[in-house]
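Student: Sequence and predicted structure below; questions after.
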Amino acid sequence: MQPDVLSSTITTYNANCKNRVDPEFGRDQKTLVPLDTPPYYAVKLHPTMVNTQGGPRRNSRCQVVDPNGQPIPRLYSAGELGSFWGWMYNGGGNNAECLCTGQIAARNLVAMKPMA
Ligand SMILES: Cc1cc2nc3c(=O)[nH]c(=O)nc-3n(C[C@H](O)[C@H](O)[C@H](O)COP(=O)(O)OP(=O)(O)OC[C@H]3O[C@@H](n4cnc5c(N)ncnc54)[C@H](O)[C@@H]3O)c2cc1C
């Protein structure tokens with residue numbers, strides 16, 4: 001960490017806590033708790049993500065739906081593609097979804113009539 005930058009960041013943050021407003025990031029004032037009781041340790045963090053949540057939405061039958069929520073005929077999805085965790089990854093929730101949606105999609109798929 002760069003000590004000057006860290007020190008200035010903490011000073012600004014603590015002032016924001018005192019004023020009960022966060023003009024930098026718009027944090028909820030309930031979360032504005034001052035950092036004023038050392039010792040503290042600072043480490044550099046990098047945003048990373050091991051998953052690619054999101055993609056085409058599906059309904060409860062695992063049919064892929066269009067932007068209006070209408071099923072696209074004969075198109076199913078399972079697993080992380082179209083995951084319902086797309087809006088917020090819930091750590092450790094993917095594999096259960098893979099198993100459930102795989103089974104649901106496969107059941108509906110094999111029950112379909114072949115195309116003429
Ligand atoms: C490091 C790490 C740790 C994780 N830990 C957990 C955990 O603890 N608990 C948990 O629940 N989840 C965890 N996950 C997430 C979980 O592993 C995944 O969500 C899950 O494996 C996704 O399975 P999937 O079958 O949907 O997709 P994938 O496993 O990604 O399978 C997709 C397959 O499609 C193939 N493919 C891609 N494009 C094509 C193409 N054009 N043609 C043919 N094949 C194609 C790919 O090669 C791949 O084999 C973790 C993921 C990572 C990366």
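Tutor: Structure's in. What do you need?
Student: State the pLDDT value of His46.
Tutor: Model confidence at His46, given as pLDDT, is 83.
Student: need the contact list for it.
Tutor: If a contact means C-beta atoms under 8 Å, 6 or more residues apart in numbering, then His46 has no contacts. The way it works is simple: take the backbone N, C-alpha and C, and place the C-beta from them, glycine included.
Student: isn't there a strand covering it?
Tutor: No. Using DSSP: H, G, I helix; E, B strand; the rest coil, the assignment for His46 is coil, not a strand.
Student: who touches Pro23 in this structure?
Tutor: Residues counted as contacts of Pro23 (C-beta under 8 Å, 6+ apart) are Asn16.
Student: let me fix that: Trp85
Tutor: By C-beta under 8 Å, 6+ apart, the residues touching Trp85 are Asn51, Gln53, Gly93, Asn94, Glu97.
Student: What's the separation between it and Asp4?
Tutor: From Trp85 across to Asp4, the span is 40 Å (C-beta to C-beta, to the nearest Å).
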